[in-house]
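1. sequence and predicted structure below; questions after.
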Amino acid sequence: MPYASPAPARERSPLLLRGELQHRLDTLARAHRVPGAQLVLDTGPEAVVLHTGVADTGTGTPFTEDTAVPVGSLTKPYTAALVMLLADDGDLDLDEPAAEHLPEVRQLPEVTIRQLLSHTGGLPTGPDSDAAARTTATRYLSAVCTAPDALFPPGTDFSYSNAGYVAAGRLVETVTGMPWHEAVCALLLEPFGTGPVFVDTAAPGRPVAAGHALNAATGLPRAVRQNLAPLEAPAGALLASAADLAALGAALVGRAKVLPPDTAELMRRPEPGARPGALADGWGAGAALYRQDGRLWCGHDGNAMGTSCHLRADPDSGLVVAFTGNAGAATALWRELAADLEELAGVRVPAGIEPVGAGGPVLLAAPATLAECAGDYRNGAIRYRVEPAGAGPATLSVDGDLPIPLRCYADLSYDLIAPDTGRPEPGGRFHRDPATGRIDRVQVSGRTARRAAAD
């Protein structure tokens with residue numbers, strides 16, 4: 001392998017590296033009670049492709065290299081790539097208003113196509129899948145993309161939005177005249193050599209994995225059903241293997257002809273208004289961006305019902321790392337495995353964003369500042385409530401669920417304190433209105449909510 005660890009390390013043959021990585025993947029899957037997982041480490045000249053465990057605990061079907069896993073939001077960079085290819089062909093302009101093609105978003109006439117892809121248009125996230133299943137894409141977007149629900153002026157901030165990708169999918173359909181499923185197959189999946197599988201459509205002959213959750217009574221993983229409205233397909237319907245994701249990663253760093261190099265560079269170019277907080281270090285037109293040792297990697301994370309999937313690609317070296325796991329606990333497996341790659345393969349991979357407090361001692365917010373943060377915030381139909389610190393820490397609750405303790409810092413950033421472990425997790429940031437100085441927004445795990453008017 002052409003990557004040298006910063007610490008002294010013995011040289012490993014590809015065969016030895018494969019064996020060590022396989023052993024580690026097997027061990028971590030058992031430790032985290034993840035039924036099955038896949039890992040790809042692709043340098044271009046060489047690729048290590050691994051898998052472990054079973055695809056479905058109910059059937060005992062083994063995981064294979066070709067098993068397709070529900071990748072959730074990792075569908076979004078495929079949809080973004082479709083839009084970018086249409087722009088490359090001159091069928092649309094990234095900086096023209098999306099409403100030029102989509103009358104259903106005409107209440108937000110300034111939101112551009114580029115802003116849809118980079119989550120900087122100020123759109124709410126959209127209703128849950130059960131509600132979305134009872135309507136059409138046109139009605140969905142007309143109800144969500146309204147001026148009263150806009151979270152901020154387009155291009156000035158970041159809020160992760162499924163609705164933005166429902167709009168991007170409709171854009172693909174409007175311009176190509178094909179349903180999104182057909183367009184993504186014809187323009188991306190077939191050129192990548194990816195056998196198409198979607199949440200709502202089986203693929204004859206291709207093995208698929210079920211997502212899994214832990215059974216509270218037995219402590220064992222059990223298969224769960226995917227829940228995604230058909231209209232949400234452009235935001236989360238794809239199933240793919242780690243090898244399939246690695247093919248996308250190779251295209252994002254210019255190693256595949258499916259995406260022209262200039263188009264791939266645009267997808268990973270940081271958008272100035274994109275400050276995604278707990279999700280990544282930046283965002284391009286469809287790709288999340290992660291800093292590691294002075295380099296800016298690109299990729300995306302995806303979580304479906306009981307799955308956790310991750311893609312990282314380094315444009316400087318061409319290295320691509322892809323992972324899929326068929327349980328929610330696979331997120332922790334991925335983070336531990338990514339850390340082990342430095343020792344085993346000499347590769348430092350940015351697995352995710354660290355909590356604010358992980359960098360060492362930082363100044364905590366003053367009680368008066370915390371009192372300013374208290375109140376109700378809204379992102380579409382989602383309600384967030386921040387309670388000021390009293391005898392304990394400040395707390396955050398979502399739609400009336402149990403409050404989660406916050407550790408707030410002087411720069412208005414905060415970590416969430418996991419109730420079960422007491423460990424800090426990346427949270428987000430409060431924002432002041434530059435005109436009034438009043439705290440008027442909060443970002444929670446990548447989604448921005450605007451202070452709600454008093455009832």
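-> The structure has been received and is ready for your questions. Numbering: from 1, shown residues only.
2. Ala233 and Ala410, how far apart?
-> Distance, Ala233 to Ala410, using C-beta to C-beta, to the nearest Å: 43 Å. Every residue, glycine included, has its C-beta placed from N, CA and C.
3. between those two, who's got more neighbours?
-> Ala233 (24 against 11; other C-beta atoms under 10 Å).
4. let me know the secondary structure of that one.
-> What DSSP: H, G, I helix; E, B strand; the rest coil gives for Ala233 is helix.
5. surely it meets Pro196?
-> No: if you go by C-beta atoms under 8 Å, Ala233 and Pro196 don't touch, sitting 11.7 Å apart.
6. between those two, what contacts are shared?
-> Listed contacts common to Ala233 and Pro196 are His181; contacts here mean C-beta atoms under 8 Å, 6 or more residues apart in numbering.
7. longest helix of this structure?
-> helix 14-31 (DSSP state H).
8. show me what that helix is packed against.
-> Taking 3 or more C-beta pairs under 8 Å, 6 or more residues apart in numbering; DSSP states H and E as the contact definition, the neighbouring helices and strands of helix 14-31 are strand 36-42, strand 47-56, helix 330-345.
9. go through these and name the closest to Pro276.
-> Within the helices and strands packed on helix 14-31, the stretch nearest Pro276 is helix 330-345; the backing value is 17.1 Å (C-beta to C-beta).
10. about what we covered before: okay, the angle between the longest helix of the chain and strand 36-42?
-> Computed by axes from the mean of the first three to the mean of the last three C-alpha atoms, to 10 degrees, the angle separating helix 14-31 from strand 36-42 equals 150 degrees.
11. and Gly254, helix, strand or coil?
-> Of the three states, Gly254 takes coil under three-state DSSP.
12. with Val69 instead?
-> Remark: Val69 carries the secondary structure label strand [criterion: three-state DSSP].
13. the stretch 101-250 of the chain: strands as residue ranges?
-> Counting by DSSP state E, counting those that start in this stretch, the segments of the stretch 101-250 of the chain that form strands are 197-198, 211-214, 221-224, 238-240.
14. deepest of those strands, which one?
-> Each of the strands of the stretch 101-250 of the chain was scored by mean neighbour count; the highest is strand 238-240, a mean of 31, by mean count of other C-beta atoms under 10 Å.
15. partners of it in the sheet?
-> According to DSSP bridges, strand 238-240 has the following sheet partners: strand 69-70 (antiparallel), strand 197-198 (antiparallel).
16. helices of the chain, residue ranges please.
-> Secondary structure of the chain by DSSP H: the helices cover 14-31, 76-88, 113-118, 129-132, 137-144, 162-176, 180-184, 190-192, 233-236, 242-252, 261-268, 330-345, 367-373.
17. chain center to the first one: distance?
-> Spelled out, it's helix 14-31. Using C-alpha atoms, centre = their mean, to the nearest Å, the mean C-alpha position of helix 14-31 is found 26 Å from that of the whole chain.
18. that helix vs helix 330-345, what angle?
-> Between the direction of helix 14-31 and that of helix 330-345, the angle (the same axes, to 10 degrees) works out to 150 degrees.
19. and helix 14-31, C-alpha only, in PDB?
-> Taking Å, rounded to 0.1, in the frame of the first residue of the first chain, the C-alpha atoms of helix 14-31 are listed here in PDB:
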ATOM      1  CA  PRO A  14      -1.700  -6.800   0.600                       C
ATOM      2  CA  LEU A  15      -2.400 -10.300   1.800                       C
ATOM      3  CA  LEU A  16      -1.300  -9.600   5.300                       C
ATOM      4  CA  LEU A  17      -3.200  -6.300   5.400                       C
ATOM      5  CA  ARG A  18      -6.300  -8.000   4.200                       C
ATOM      6  CA  GLY A  19      -6.100 -10.600   6.900                       C
ATOM      7  CA  GLU A  20      -5.500  -8.100   9.700                       C
ATOM      8  CA  LEU A  21      -8.400  -5.900   8.500                       C
ATOM      9  CA  GLN A  22     -10.700  -8.900   8.200                       C
ATOM     10  CA  HIS A  23      -9.900 -10.000  11.700                       C
ATOM     11  CA  ARG A  24     -10.500  -6.500  13.000                       C
ATOM     12  CA  LEU A  25     -13.800  -6.100  11.100                       C
ATOM     13  CA  ASP A  26     -15.000  -9.500  12.500                       C
ATOM     14  CA  THR A  27     -14.000  -8.600  16.000                       C
ATOM     15  CA  LEU A  28     -15.600  -5.200  16.000                       C
ATOM     16  CA  ALA A  29     -18.900  -6.500  14.500                       C
ATOM     17  CA  ARG A  30     -19.200  -9.000  17.300                       C
ATOM     18  CA  ALA A  31     -18.300  -6.400  20.000                       C
END
